[in-house]
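In: Just the structure for this:
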Amino acid sequence: MDKDIVHHILLLIQSESEIFKLAELKEELISYLNFLLLEDHNKLVHLLYRVDVDEDKLRKLLEENKEKDAAVIIADLLIQRQMEKASSNSLFKPGEQNSSEERW
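Out: Modelled structure (predicted):
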C-alpha cells in the first residue's frame, strides 16, 4: 500500500475519532444542561453569560424550536460560541500579524 494513502487513512481515522469524542462530550454537556434547566437555573444563566452566548439568538431559537430539547439548542450555541472564540483567538495571537494592513 502506498505510504501517502496510509497517511491519509490514519488522518481520517484520527478525525473521525475526534468527531466521536466531540459527540460524546456534547452528550455529556446536554445531560448537564438538562440538570441545570431543572435544578439550577441561576447557574445556567451564569454559564451562558460567562461563555457570552447571544441572549437574543438563544431566545429566538428556543421560540422557533419549541419541540426540540432546549438543552440541545443551548449545547449547540455553547459549542458554536467556543469555536468562534477559538477561531478569533487564533487570528489574533500576540506577535503574529497577518498583513501589513493590520499593523497600526
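In: State the distance from residue 30 to residue 23.
Out: 11 Å (C-beta to C-beta, to the nearest Å). Yep, even glycine has a C-beta here, placed from its N, CA and C like the rest.
In: who has more neighbours, those two?
Out: residue 30 (18 against 10; other C-beta atoms under 10 Å).
In: contacting residues around residue 77?
Out: 53-54, 57-58, 61 (C-beta atoms under 8 Å, 6 or more residues apart in numbering).
In: switch the cut-off to 10 Å
Out: By C-beta atoms under 10 Å, 6 or more residues apart in numbering, residue 77 lies in contact with 48, 51, 53-54, 57-58, 61-62.
In: try residue 34
Out: Contacts of residue 34 (C-beta under 10 Å, 6+ apart): 69-72, 74-75.
In: ok, back up a step: which of the contacts of residue 77 sit farthest apart?
Out: Spatial extent of the contacts of residue 77 (C-beta to C-beta) is set by the pair 51 and 62 at 16.4 Å.
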